[in-house]
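Participant: My questions concern the predicted model and sequence given below.
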Amino acid sequence: MTIKSPSRIRFGIIGAGAIGAVHMETLNKLGDVAELSAVTDTYLPLAEKRAEEHSIKTVHVSPEALIADPDIDAVVVAVPNQFHAPLTIAALEAGKHVLLEKPMAISSAKAKEIVDAQRRTGKTVMIAQQMRFTGLSRAVKALIDDGALGRIYNVKTGWLRKKGIPGWGSWFTQMDMAGGGPLIDIGVHMLDLSLHLIDSPKPVSVFGTTYSEFGPHKRGIGTWGTPNWEGKYDVEDLAAALIKLDNGATLSLDVSWAAHAADLTDEPFIHLMGTEAGVSIIGNAATLVKHENDEVVKQVIQPLDSDNERELVARHFITSIHEGTMPISSVITGYTNNRILDAIYESSASGGEVKLSWE
């Protein structure tokens, strides 16, 4: 089916949990370009509840039924990580476009299957990396693109939560369902944004280590998700990595769900070090630092605007469908993220450096 502007894109949501509800709320604000048409969930009462809350006319009994619905143009996949690839591929093969929650897949092998399916079908796939779309991220990106930092040769990024293990015992903390712990959960955000800001150089080698010191003892439990105390915890709760890039730059990544780190903020951070200036982003604030006449000068960076980043994600996805263009958080960027995540886990297991080659 060919969709031409100004037609509204008709959306179906697979997954009625917290993230699915965020997408429903967002799409309902975009009535000029989007129509929220259907929802499904493995727990149908939840799907029915969301349908009532967000005025969704159709509740499908299964993802397969929603994907087969001829009145849907695009699917939002907002389910546990292990289902990202099979549902995305099924939707693509049914002629639907896909807005896919991060991480792209549970592994790089599954991510490559999505890449192949997108190329085969020609449909639009966008990874919902909303941190790229904040006003602050876009302001920093504009500075970098204007050359204000010169050549960026070192990046330090991470997100060190002290007490934030989500849904202990649920799919969040099981390797076969999530693919990992904080590294694949929140680390992928920082990895994706950092690479985006520096124009997406290719990773060529990775050294990483993961630790599981809190979760197995049921310590460091956060407020997100519903615990299942009869479940299991077999993922990491802290990861650290050094990534070398093909442009000569290095990127270090530190993430945790739980850690003894009293003097460190719980907020995400990125420190970009360039030949002409540097930028530090901590939470919702950013500062440019530059040496001038042997003095260190600091300048607060103002966000471009206050637009909701989730709305910008959805609008960018819809524009990409209409114009037949590749979204900025494409299958290629998602696959690259998955390759790095896999390499960090592999390096941790082997104790050595993992080298990456690219076609």
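Facilitator: Arrived safely, thanks for sending.
Participant: quick one: pLDDT of the nearest residue to residue 80 once chain neighbours are set aside?
Facilitator: Among residues not flanking residue 80 along the chain, residue 171 sits closest, at 4.4 Å (C-beta to C-beta, 6 or more residues apart in numbering). Glycine gets a C-beta too; all of them are placed from N, C-alpha and C. On pLDDT, residue 171 comes in at 96.
Participant: hang on, residue 171 packs against residue 181?
Facilitator: No - the pair residue 171 and residue 181 fails to qualify as a contact (C-beta atoms under 8 Å) at a distance of 11.8 Å.
Participant: buried residues in the longest helix along the chain?
Facilitator: Identified as the longest helix of the chain according to DSSP state H is helix 331-350. By 16 or more other C-beta atoms under 10 Å, the buried positions in helix 331-350 come out as 331, 333-345, 347-348.
Participant: packing partners for it?
Facilitator: Under the contact criterion of 3 or more C-beta pairs under 8 Å, 6 or more residues apart in numbering; DSSP states H and E, helix 331-350 touches helix 108-121, strand 125-127, helix 188-197, strand 203-211, strand 238-245, strand 354-355.
Participant: Need the residues that contact whatever helix or strand comes next after the fifth one.
Facilitator: The one in question is strand 238-245. Next along the chain after strand 238-245, taking DSSP states H and E as the criterion, comes strand 250-256. With C-beta atoms under 8 Å, 6 or more residues apart in numbering as the contact definition, strand 250-256 has outside contacts at 153-162, 182-183, 186-187, 190-191, 194-195, 203, 208, 237-245, 344.
Participant: Need the CA coordinates for strand 250-256. CSV is fine.
Facilitator: Provided in CSV are the C-alpha atoms of strand 250-256 (Å, rounded to 0.1, in the frame of the first residue of the first chain):
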residue,chain,number,x,y,z
THR,A,250,37.4,6.6,21.7
LEU,A,251,34.1,6.2,23.6
SER,A,252,33.8,5.0,27.1
LEU,A,253,30.5,3.8,28.6
ASP,A,254,29.5,3.2,32.2
VAL,A,255,26.0,2.1,33.2
SER,A,256,24.4,0.6,36.2
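Participant: Direction included, what does it pair up with?
Facilitator: strand 152-160 (parallel), strand 238-245 (antiparallel) (DSSP bridges).
Participant: want to throw the ones you listed into CSV with distance to residue 24?
Facilitator: As requested, these are exported to CSV (distance: least, C-beta to C-beta, whole Å):
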stretch, distance to residue 24
strand 152-160, 26
strand 238-245, 32
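Participant: So for residue 86, which of these sits nearest?
Facilitator: strand 238-245 (26.2 Å; C-beta to C-beta).
Participant: Next, the angle from that closest one to helix 188-197.
Facilitator: Angle, strand 238-245 to helix 188-197, by axes from the mean of the first three to the mean of the last three C-alpha atoms, to 10 degrees: 20 degrees.
Participant: quick one: strand 238-245 to chain centroid distance?
Facilitator: 17 Å (C-alpha atoms, centre = their mean, to the nearest Å).
Participant: closest to residue 265 out of the helices and strands packed on helix 331-350?
Facilitator: Here helix 188-197 is closest among those (C-beta to C-beta), at 13.4 Å.
Participant: Could you count how many residues lie near the residue nearest to residue 80?
Facilitator: 18 (other C-beta atoms under 10 Å).
Participant: what's the answer for residue 96, then?
Facilitator: 25.
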